[in-house]
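Chemist: Show me how the following folds:
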Amino acid sequence: MAIEALELHKRFPYAVCGHLVFLGKTEAYHSSKKFGTVLGEAVALLSLISGRERPDEAPEIYETIGILLIEPGDPESVDLEPKDVPEKLRAHGYCERLTDLFNKRNPFY
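Modeler: Numbers count the residues shown, from 1 in each chain. Just a heads-up that it's a prediction; the model follows:
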């Protein structure tokens, strides 16, 4: 994922890149040796490549990332605000964060 952001930001420094991560609800709470759960591991790792606020910051970082939980085959199970995910990484509000960052970075549109 970081390579995709790197390539886009190097060619287009004012581009605003986001990423949605879908995790299975059941699998998200399976244990992980280092981070407690698979969801905890995803949060720890994705926090490292999210939060690029200015065009001159590291090009391999995404502006924002959204994590949501869903049970495959059950559209009613979508959880846009998992309790163990920080607000800045939740899928709820992802589109607004992305749009706000774009408008801030590209005020001439």
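Chemist: Nearest spatial neighbour of the spatially most central residue of the chain, chain-adjacent residues omitted?
Modeler: By Cα atoms, centre = their mean, the chain has its centre lying nearest to residue 65, at 1.3 Å. Setting aside the residues directly before and after it, residue 65 is nearest to residue 50 in space (Cβ to Cβ, 6 or more residues apart in numbering), at 4.3 Å. Heads up, the C-betas are built off the backbone N, CA and C, glycines and all.
Chemist: pLDDT at that neighbour, what is it?
Modeler: Listed pLDDT for residue 50 reads 95.
Chemist: Likewise for residue 34?
Modeler: 88.
Chemist: sorry, back to before: from what I see, the residue nearest to residue 65 and residue 57 are in contact.
Modeler: No - the pair residue 50 and residue 57 does not pass the contact test of Cβ atoms under 8 Å, sitting 11.5 Å apart.
Chemist: ok, residue 47 - contacts?
Modeler: Contacts for residue 47 (Cβ atoms under 8 Å, 6 or more residues apart in numbering) come out as 86, 89.
Chemist: do the same with residue 79
Modeler: 25, 68, 69, 70.
Chemist: got the phi/psi numbers for it?
Modeler: phi -120, psi 110 (degrees, to the nearest 10).
Chemist: State the distance from it to residue 12.
Modeler: 33 Å (Cβ to Cβ, to the nearest Å).
Chemist: do the same with residue 45
Modeler: In terms of Cβ to Cβ, residue 45 sits 25 Å off from residue 12.
Chemist: for residue 37, same thing?
Modeler: 36 Å.
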